[in-house]
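Quick check, what structure comes out for this input:
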Amino acid sequence: MPRLFIGIPIPPFLHRSITQQFFPTLKKYASFLSIVPPSKWHVTIHFIGDVSPATFEKIKTAFRGATFSAAFPLTIGGSLPIQTWGNKVVYLRVQDKIGFLNGIFSQCHSLFPFPDPK
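Next up, the predicted model:
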């Protein structure tokens, strides 16, 4: 079963800045996690979870050709910028002060009312 999430790619011009600022701290996780290459970095809008191949095709069809606003302001960090989820994911906290990510989530949900992850 495919495991799906909706994400927005991190623009390449930010890769160097993120690497310089956070990788010294992230190295402590390197012994038990692999760090994905910058080309796979993204902001997760919604984790959908495991879906059937038929549902995957429906979601893919619903999103084909969808467009969203181009640029939006985000802040990486906060009081706990590096966090973990279970024992497999280490992530950087993103703050959206104007609610843009909620708007994207609403747009995505209107295209396909995806199920909540189990």
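
Could you list everything the nearest residue in space to H42 that is not next to it in sequence pairs with in the sheet?
Leaving aside its sequence neighbours, H42 sits nearest to G7 (CB to CB, 6 or more residues apart in numbering; 3.6 Å). C-beta: built from backbone N, CA, C; applies to glycine. Beta-bridge partners of G7, counted by DSSP bridges, are T44.

Now for the spatially most central residue of the chain: which residues touch it?
Geometric centre of the chain, nearest residue: T44, 1.9 Å, by CA atoms, centre = their mean. By CB atoms under 8 Å, 6 or more residues apart in numbering, the contact set of T44 is 5-7.

Who wins on neighbours among these?
I6 (21 neighbours; other CB atoms under 10 Å).

was I right about that one contacting I48?
Yes. Contact status for I6 versus I48: in contact at 7.0 Å, counting by CB atoms under 8 Å.

Need the overlap of contacts for these two.
With CB under 8 Å, 6+ apart as the test, I6 and I48 both reach F114.
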